[in-house]
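Peer 1: Below: sequence and its predicted model.
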Amino acid sequence: MSLAKKGTKKLVLKNFKVPAKAQTQATSDKWNELEPAVLAIYQQKPVARPLQQLCDAVQTVCVTNNAKSLYDKLKSAVESHLKGEHTRITTMQLDSRDEFLDIVHTLWSNYSRQSQLLRNVFIYLDQTYAHGTAMPLWSMSLHLLSVVFFQDQHFHDRLISSLVDSVTSDRRGETVDTGRLAELCRMLTALNLFKTSFQPALLEATAAFYAAETAQNIQSMPITDYLDYCTRRYTEETERLRTVLTNELRKPLMMQLDKHLLEDNLPVILSQGFEALFVQDDIDHLAVLYKFCDRISALARLKTAFSTFIKKIGYDCVKTPAKDKAMVDELLKFKAKTSAFVTKAFAADTAFASAEKDAFNTFINRRANKPAEMIAKFLDTKLRTGYKECSEAELDEVMDKVLVLFRFVNGKDVFEAFYKTHLAKRLLYNKMASTDLEMAMLRKLKQECGSNFTSNLEGMFKDMTTSTELSQEYKSTTPDISMELTVNVLTQSFWPTYPPVKVLLPPQLVAAQESFGQFYCKKHQNRRLSWYNAQGSCFIAANFPKGKKDLSLSLYQAVVLLRFNDHRVETCEQLQEATGIDMVQLKLTLQSLALGKFRVLRKSSSGKEVASSDKFMVNEKFHTPLKRIKINQIQLRETAEEADATNEKVFQDRVFAIDAAIVRVMKTRKTLKHSALMSELFSYLKFPVKATDIKKRIEALIDRDYLERDASDSGVFNYLA
């Protein structure tokens, strides 16, 4: 700095420079003050000088541009201390793992604390010199520790193996100082040795440990115990990562667990354990299995196992004829189980819901027609009993569940045929529990399959309503009839086909039929009545020696009983000749009258079978406190022949449908290759059909000149107008 004025002398002030030799001496003097403090810290003794005085000494050295010299002296002191510790530890007789780890843990605890104390003393050096020119003091301390101790390969290897062994012991449930283990893992992380040295060794040991343990457990444990074991191991490893190891290890460690606990053993879990979980209704463990498969991206394999299992168990429900009566009940229970698994165990996964649907569709249709028939029979039973066995809400729920099964059935025309047959019996024989219930079921079917499916069924109800009105009109216009007559006038196309049955009616019944026929033909001149007597029923007043009874009978039963007004004893052959009833049906009728619950006739011979020569007479000892008696109508019981007839009717309807479909397609396309025609027909037809059946119908249509084979290519068909 210079100050000068006119007439005055110039004064020059210059910065004071301490000679280099003097600076070195000053640094040496200050280090002499600091070194005892450094040694005291490492020796864990009290520091003689106050901290502020030591910090001032460090600052004095730094402001005189001797920071580097001070840094080097401090580094040398730290290195010297570490070398001494290394010599001391490596010469100790440390035979056990825990003794060795205790020494290393003590070294790290002391050294990290001492390094922090030194940084407090040399804070000015750390902030001004170390962070700008050299390594920060904490980093320098870690670097020296790494160089002195961990470049010693024997020390390095022993520490890593001891730590890995400690983790393995902890996994075995042995007593391990996890706090010490956590501190040493943090040391390795600070020294950048965790990922490079410890992690590979730990992962290798983890793989070996779990490979051996799971190989034993998967063979010895039930599936539920094995899943619990896996859950416990995942929980333990997660907690170990949080408290002992480090989250940096989470991904590679969990990959090892996924591989050995789940991936390697998943085939055994799915093949041997899945069915056990299902049988036990163990939704909780299935949910665990679902989560495990999701974690290893194996949901597709679980879905396949689920589908395979459904097909296996489901087919067992439908394949055995002896179990047909219980088929629908079993399927409903099975569907309830699988649906619960999808919603609760499989988190309502749409892929699993779709697999369930496809599996049901597959196994139900492996046995053609029978499931559709049994579903129709099941609904018939429910619609007969109505609310006797359950509430309205429960019955509605059952019907909805049955319709779910119905959706899986390909042969819906089979269901329609059997449902129509049973509905006809409920209507004609007044076996309905409730008209409202019947109409509710009809609405459900209409919503499910459309109005075309239910048009005939709705027509049957309309016929019954019309018949009631006709009967009332007939009674009002024909007051002089000798008996009360109710006639059900049925539209033939709506109802099942009833074969004509020969029966010789008593004169009074013939007269009643003729009277109604005249009334009806007068009202509907262009219509013709055909009487199906086999479907009729009668109410007869019977005078027994022990009282009068009102009998509710089938027409066959009534015709047989009326014979005993004029004949005291009749043989089976005589009754057959007089009534014209088929012998098989007549014997069943006589069984119901003479061998059933209410025995209004008496059979001459003993035994439950009826012979042609057996004699029958009125049971004069018959007595019951009931005024009105309903004798079971045996013809209501569906026989195997009736079922076969229904199936045959369905088959014939399918033949007509196939013919119509072929003609419709060919009329539109005119010329078509065989493969293209087959493809269109499979997509067009609503019921399952075999290729051989279609080929037969094509040949039949060729014979009837609806189609012809192309002259140049036999695989091409031409439509003939």
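Peer 2: Okay, I see it.

Peer 1: Double-check that residue 530 belongs to a helix.
Peer 2: No. The assignment for residue 530, made by DSSP: H, G, I helix; E, B strand; the rest coil, is coil rather than a helix.

Peer 1: need the contact list for it.
Peer 2: 492, 500 (C-beta atoms under 8 Å, 6 or more residues apart in numbering). Where C-beta positions appear, they are placed from N, C-alpha and C, glycine not excepted.

Peer 1: Dihedrals phi and psi, it?
Peer 2: When quoted as degrees, to the nearest 10, the phi and psi of residue 530 stand at phi -120, psi 130.

Peer 1: and residue 708, helix, strand or coil?
Peer 2: Taking three-state DSSP, the label given to residue 708 is strand.

Peer 1: burial count for it?
Peer 2: As a burial measure, residue 708 scores 13 neighbours (other C-beta atoms under 10 Å).

Peer 1: surely it meets residue 714?
Peer 2: No. Applying C-beta atoms under 8 Å, one finds residue 708 not in contact with residue 714, separated by 10.5 Å.

Peer 1: what's near enough to touch the closest residue to residue 122 other than its chain neighbours?
Peer 2: Closest residue to residue 122 apart from its sequence neighbours, by C-beta to C-beta, 6 or more residues apart in numbering: residue 58 at 5.3 Å. Counting by C-beta under 8 Å, 6+ apart, residue 58 makes contact with 30, 34, 70, 121-125.

Peer 1: Can I get those in a markdown table including pLDDT, distance to residue 78 and neighbour count?
Peer 2: Putting the contacts of residue 58 into a markdown table (pLDDT from 0 to 100; distance: C-beta to C-beta, whole Å; neighbours: other C-beta atoms under 10 Å) gives the following:
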| residue | pLDDT | distance to residue 78 | neighbour count |
| --- | --- | --- | --- |
| 30 | 74 | 18 | 23 |
| 34 | 82 | 13 | 22 |
| 70 | 85 | 13 | 23 |
| 121 | 86 | 12 | 22 |
| 122 | 85 | 11 | 27 |
| 123 | 88 | 16 | 16 |
| 124 | 85 | 17 | 20 |
| 125 | 84 | 13 | 24 |
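
Peer 1: Farthest-apart pair in those, please.
Peer 2: With distances taken as C-beta to C-beta, the most widely separated pair in the contacts of residue 58 is 30 and 123, at 15.2 Å.

Peer 1: what's the following helix or strand after the helix or strand where residue 436 lies?
Peer 2: Following DSSP states H and E, one finds residue 436 within helix 435-449. Next along the chain after helix 435-449, taking DSSP H and E as the criterion, comes helix 451-477.

Peer 1: what mean pLDDT does that following helix have?
Peer 2: The pLDDT scores in helix 451-477 average 88.

Peer 1: What are the buried residues along stretch 76-84?
Peer 2: For stretch 76-84, the neighbour count (16 or more other C-beta atoms under 10 Å) marks 77-79, 81-82 as buried.

Peer 1: now the helix holding residue 436 and helix 451-477, what's the angle there?
Peer 2: Angle between the axes of helix 435-449 and helix 451-477 is 150 degrees (criterion: axes from the mean of the first three to the mean of the last three C-alpha atoms, to 10 degrees).
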